[in-house]
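*Asks:* Below are the sequence and a predicted model; questions follow.
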Amino acid sequence: MPKTRELDDELHRRITAFTERGNEKFEAERFHEAYADYERALKLIPEPVESWEASTWVLLGLGDCGFLLGDYEAALRHLERALECPDIEGSEFLILRLGQARYETGDLKGAREALEDAWRLGGAELFEDEDPKYLGLLRSRS
């Protein structure tokens with residue numbers, strides 16, 4: 001993992017503004033619009049994107065929106081990239097969404113691994129509002 005670097009204050013402010021707008025639209029279930037704001041935020045982050053803590057949350061937002069929009073390939077791309085970013089410790093939701101995106105793209109082995117990790121990190125509560133098929137994969141032996 002690349003060393004974490006700090007963004008200058010102005011750039012951080014601009015990225016945060018797009019992210020906060022995206023979060024508001026996400027909460028209003030306007031996922032396409034939220035996705036666009038998260039993309040704008042990501043475009044502001046210097047390369048290598050994986051060096052910046054801000055990338056973790058922007059990529060998670062993109063992955064979550066992609067998942068909820070049914071674009072599982074895009075969700076998977078963003079979530080896997082987020083794993084390369086700093087400050088993912090304790091992000092059981094990231095691991096949960098990763099497992100779900102893997103499931104939806106047909107990678108059942110990878111899905112099971114991620115979902116098991118999510119279960120270890122977040123327990124049953126993390127899965128409460130999710131489709132039962134994901135817990136079903138954990139309970140199955142296939």
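*Replies:* Ah, there it is.
*Asks:* From Lys109, how far out is the residue nearest to the spatial centre of the chain?
*Replies:* In the chain, the C-alpha closest to the average C-alpha coordinate belongs to Leu60, at a distance of 2.5 Å (CA atoms, centre = their mean). To Lys109, Leu60 is 23 Å away according to CB to CB, to the nearest Å. Backbone N, C-alpha and C define where each C-beta goes, glycine included.
*Asks:* With Gly66 instead?
*Replies:* Separation of Gly66 from Lys109 (CB to CB): 21 Å.
*Asks:* These two - which one has more neighbours?
*Replies:* Gly66 (23 against 9; other CB atoms under 10 Å).
*Asks:* can you tell me which residues contact the more buried one?
*Replies:* Residues in contact with Gly66 (CB atoms under 8 Å, 6 or more residues apart in numbering) are 35, 72, 74-75, 78, 101.
*Asks:* let's go with 7 Å and repeat that
*Replies:* Contact partners of Gly66, counting by CB atoms under 7 Å, 6 or more residues apart in numbering, are 35, 74-75, 78.
*Asks:* Beyond the strand or helix carrying it, next helix or strand please.
*Replies:* Assigned by DSSP states H and E, Gly66 belongs to helix 53-68. For helix 53-68, the following helix or strand on the C-terminal side (DSSP H and E) is helix 72-82.
*Asks:* Off-centre distance for the helix or strand following that next one?
*Replies:* Per DSSP H and E, the first helix or strand lying C-terminal to helix 72-82 is helix 92-104. When C-alpha coordinates are averaged (CA atoms, centre = their mean, to the nearest Å), helix 92-104 and its chain have centres 8 Å apart.
*Asks:* Likewise for stretch 72-89?
*Replies:* When C-alpha coordinates are averaged (CA atoms, centre = their mean), stretch 72-89 and its chain have centres 5 Å apart.
*Asks:* Name the residues of it that are buried.
*Replies:* 72, 74-79, 81-86, 88 (16 or more other CB atoms under 10 Å).
*Asks:* Using PDB, write out every CA atom in that stretch.
*Replies:* The C-alpha trace of stretch 72-89 is given here as PDB (Å, rounded to 0.1, in the frame of the first residue of the first chain):
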ATOM      1  CA  TYR A  72     -22.100  -4.700 -10.200                       C
ATOM      2  CA  GLU A  73     -19.000  -4.600 -12.400                       C
ATOM      3  CA  ALA A  74     -18.500  -0.900 -11.700                       C
ATOM      4  CA  ALA A  75     -19.200  -1.500  -8.000                       C
ATOM      5  CA  LEU A  76     -16.600  -4.300  -7.900                       C
ATOM      6  CA  ARG A  77     -14.000  -2.100  -9.700                       C
ATOM      7  CA  HIS A  78     -14.400   0.700  -7.200                       C
ATOM      8  CA  LEU A  79     -14.600  -1.400  -4.100                       C
ATOM      9  CA  GLU A  80     -11.500  -3.400  -5.000                       C
ATOM     10  CA  ARG A  81      -9.600  -0.200  -5.700                       C
ATOM     11  CA  ALA A  82     -10.800   1.100  -2.300                       C
ATOM     12  CA  LEU A  83      -9.100  -1.900  -0.700                       C
ATOM     13  CA  GLU A  84      -5.700  -0.500  -1.900                       C
ATOM     14  CA  CYS A  85      -6.300   2.900  -0.100                       C
ATOM     15  CA  PRO A  86      -5.400   4.000   3.400                       C
ATOM     16  CA  ASP A  87      -7.700   3.800   6.400                       C
ATOM     17  CA  ILE A  88      -9.900   0.800   5.600                       C
ATOM     18  CA  GLU A  89      -9.400  -0.700   9.000                       C
END
